[in-house]
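Trainee: heads up, no residue letters with this:
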């Protein structure tokens, strides 16, 4: 009966853990808490001493009501199907806990709980969910094992009930579990669990990825709820507040020539999108038509190795930065890279725009994603040409004849912003104060770098950084208001203002949105990029240098804003995020690229192992040959040597076995109270009793620790005198030696041997 | 594979499909785990029934409509792996039993012996042969079921159905000896004075007749009468006439019930069968004697030809009772014999209660507690009434 109680507890634990895990995965914590509370209540209501299950009709009515409610909610709130399905399964499960449960119902509960975890596995890949999944699987394993015992037991009970006469129905038998059973059950459960996990890991590593994705529709969880802080456009009219969320968006490990790069004081700007068009009507920065046209972007199919995005360009290795990026939730198809990307390695179809050097996935990826990008820190004109050579089908931006004017290079990121004249006048005045004049019609000027420096410095020093922006009147230009009225704003305003000022004097520039990676996790050797690290800055075209990066936001305020938190909680958070990062990198984002890497590595390891084994065997052969040369002892000598080694080995084995037996015996007989010498003597002399107990145990009888040997022997002899009678004189002998102060002299030894042999003959198991 | 196994594979395939569709790695892992479950289940349950031996211990006898417990000893010869959730099933259908006996063994440790009990319910008297036993387990996950079939012939005898009889029948028999004449024919053991004799070594001093001894100058011991229980001789008439089998079986059951009741009333009882090959039993009172008679009735074959006429033993001071299947034939048996028919069983039978109180161990299929003595694992007949019926 103990086992049956244990089974019920295990199934309840499985349901509870599954409920909590689903709540975490689907971010439905309140629902999970209510469901868990109802599940706990059902233990008291149904399984308690006074428990009584609810009637079936009530359960069915409740299920019907829940189904109608969930359909209504699903239709009206347009929830993802998977979330609705999970909620439905969760509530069915809770209702089923309140009904009378036969084996079929227990089985249904286990299956429902598994289904719930499948839904949750699709919805989430968080490390907390991973931990809960492991706990759940352990609980489910135990529940299933005990369920199998219960099924077998019930099957026999049912067969016995069927064959008994109707008026002589036997009462259902219990299932008493002993301590020995419990220990071996636990060991077997652990063994099967470990074997299953090892095998599942092998399957996990070997099952091919990337095939059949989305054939049954989009089941993935909706990650749009996740905060990233990033946007692929800038809306200056909204005012409001920038994201200050600490949610990690990505982890980036930088390296240069194979050496890790990064420290607490170093930061990197990770480009997402380059925005070249400002619409005064909507007060938004967007990508211009020229770059959003599909035929100006190239689709790169997924590959197992790096795909070069340029051709014929030999970047200076000192300026090539490699970034291994784990994007936890991809915002708006964007892929991020510091500087201009040279090559990319990713298990997704990628879309690359040579015009603004932005990367993205062709299809939206709602789960975590891992990729490696190599970037050049110098986006010079040679690199732009190299992009053009690589993607020849893309119409070059410097085509001066043909095509719509909007696609011409001279107008790209150069057209003045439709802002107030005050901005233009102010910029010209600002430059005039430094004795600089620039023809706005000129494509480029040697002073462009100096102009950009002046404007950036002005913005950094004269205007204030603030995350709280008052709403701007819709009929008023927000850049104008920022520059001349509020004189405070966040990075988007600074970048917009700089771009507006540069373009007002004819300097080609664009606003870039992305992230500012500042928080270095020394434990993992990577940067953690959070939602609050979303940032905007400016890229300025310099005729000889290409696109140069300028960040007009005040650096001090910016540093303060992006400063990672310190203290013990931050350390703990770092640790947690490190675990989470490992989880995402190794489990969640495992794809065909990593699979290939693992296989290659495995192959290399096997080859290396084979080679080292061969070398080892060769060395052994050489040593044997050398030995043979140096020590010619002949065949007989070798045979004797082998014999000697075997004898020594066998002797050592027996000695160790004997010592181990003695120790076990001493523990079992609780000889702690006697001295060491006496203990050894007793262990040696009472060995016959130990052997007798072992013999008895093979016949399925065990002496409980609390039972005196005499009582045990008497009970066995009463029960089955033909088999166990010799144990009585052996036990008497045991008492004489253990407590009577006698020694095992020759006569006693012979007596013990006789009884032991007699016991052995009687207890030899009879084969079928 | 079991139904649960098919169901499991269907779920695994669904999860595999979901993993392919969503490319969610946790689902791939879950799918891998389910595939691993199939392999582990097959391997573990396969190993569990390897090197597993069984010994069936059949009872010497059973009785119709009485639970008959078959004991099994499962010997796990494996060094490491224990066995769990073993279901034992007698395979060969025997029409003398109601259904096929099943037993359950929760656990047999490595190198240990586990015990299990199956309860069989005999339907008819006669010899019951057991042949093959199937040992199966679907542990650990219930996906695959692994079985071994062990051929192990054995037999037991089912006694006829034994009813508790009204004591009036025996009283009626005893009433044939109102003066208790048999009590004085032998000496020893009783309380009534029988005579005197010379003292012999070993006689109790309490039996020395001191006054007489003093008178004659040597020790004299008293002798007491020996109490002799009533003697009953049962004659069963199954001679080869147009014989209704049911009536004949009821007559046999009547005879067995009478033998049992007489034995329980401490009577000396004997048996003669007319019309079937069966040894004659002179009246005696012993457990062994009673079982031999019941076994003879259990193995009695009806409808045989060329059966020699019964030899009624010459026994004195015995009460004869002849049981006929249908019609009374007064020529069979001594003149003073009581003749009864099978239908009279209904008159003397004490009706059994329609529902017995459930017994804790009667239906218990297994012994799992290796610390428990064997007696606690055996099936018990719980109430006194059944005790009286059990041969």
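Mentor: Arrived safely, thanks for sending. Not measured: the values here are computed from a predicted model.

Trainee: and the gap between residue A:289 and chain B?
Mentor: Using Cβ to the nearest Cβ, to the nearest Å, one obtains 34 Å as the distance from residue A:289 to chain B. Glycine gets a C-beta too; all of them are placed from N, C-alpha and C.

Trainee: ok, residue A:553 to chain B distance?
Mentor: According to Cβ to the nearest Cβ, residue A:553 stands 38 Å off from chain B.

Trainee: For the chain, name the helix or strand with the lowest mean pLDDT.
Mentor: All of this is about chain A. strand A:240-241 (a mean of 53; mean pLDDT, DSSP states H and E).

Trainee: Wait, chain B was what I had in mind.
Mentor: For chain B, judged by mean pLDDT, DSSP H and E, that is helix B:374-377, with a mean of 31.

Trainee: immediately after the least confident helix or strand of chain A, which helix or strand?
Mentor: Note on strand A:240-241: by DSSP states H and E, the next helix or strand toward the C-terminus is strand A:248-256.

Trainee: Can you name every helix or strand that that following strand contacts?
Mentor: Secondary-structure packing of strand A:248-256 (3 or more Cβ pairs under 8 Å, 6 or more residues apart in numbering or on different chains; DSSP states H and E): strand A:259-261, strand A:268-275, strand A:320-327, strand A:509-517, strand A:526-530, helix A:568-583.

Trainee: can you redo those as CSV with mean pLDDT, distance to residue A:297 and mean neighbour count?
Mentor: Output for the helices and strands packed on strand A:248-256, formatted as CSV (pLDDT from 0 to 100; distance: least, Cβ to Cβ, whole Å; neighbours: other Cβ atoms under 10 Å in any protein chain shown):
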stretch, mean pLDDT, distance to residue A:297, mean neighbour count
strand A:259-261, 89, 30, 12
strand A:268-275, 92, 12, 26
strand A:320-327, 90, 20, 22
strand A:509-517, 93, 16, 26
strand A:526-530, 90, 25, 26
helix A:568-583, 82, 31, 15
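
Trainee: Quick one: closest of those to chain B.
Mentor: Chain B lies closest, by Cβ to the nearest Cβ, to one member of the helices and strands packed on strand A:248-256: helix A:568-583, at 10.3 Å.

Trainee: Taking their axis directions, the closest one and strand A:320-327 sit at what angle?
Mentor: 90 degrees (axes from the mean of the first three to the mean of the last three Cα atoms, to 10 degrees).

Trainee: Average pLDDT for the helix or strand following helix A:568-583, rounded please.
Mentor: Going down the chain from helix A:568-583, the next helix or strand is helix A:592-630, by DSSP H and E. Averaging pLDDT along helix A:592-630 yields 87.

Trainee: next one: stretch A:747-755
Mentor: Across stretch A:747-755, pLDDT averages out at 91.

Trainee: Show me what counts as buried in that stretch.
Mentor: By neighbour count on 16 or more other Cβ atoms under 10 Å in any protein chain shown, the buried set for stretch A:747-755 is A:748, A:751-752, A:755.

Trainee: ditto for stretch A:481-492
Mentor: Judged by neighbour count (16+ other Cβ under 10 Å), stretch A:481-492 contains these buried residues: A:481-483, A:486, A:489-492.

Trainee: Stretch A:708-715 now?
Mentor: If you call a residue buried by 16+ other Cβ under 10 Å, then stretch A:708-715 has these buried ones: A:709, A:712-713, A:715.

Trainee: Need those residues in JSON lines (columns: secondary structure).
Mentor: Shown next, in JSON lines, are the buried residues of stretch A:708-715 (DSSP: H, G, I helix; E, B strand; the rest coil):
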{"residue": "A:709", "secondary structure": "helix"}
{"residue": "A:712", "secondary structure": "helix"}
{"residue": "A:713", "secondary structure": "helix"}
{"residue": "A:715", "secondary structure": "helix"}
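
Trainee: these two touch, right, residue A:494 and residue A:553?
Mentor: Yes - at 4.5 Å, residue A:494 counts as touching residue A:553 under the criterion of Cβ atoms under 8 Å.

Trainee: what touches both of the two?
Mentor: Taking Cβ atoms under 8 Å, 6 or more residues apart in numbering or on different chains as the contact rule, residue A:494 and residue A:553 both touch A:459, A:465.

Trainee: Check the spacing between the closest residue to chain B within chain A and residue A:162 real quick.
Mentor: Of all residues in chain A, residue A:170 sits closest to chain B, at 2.3 Å by Cβ to the nearest Cβ. Distance of residue A:170 to residue A:162, computed by Cβ to Cβ, to the nearest Å: 11 Å.

Trainee: That's all I had, so thanks and see you.
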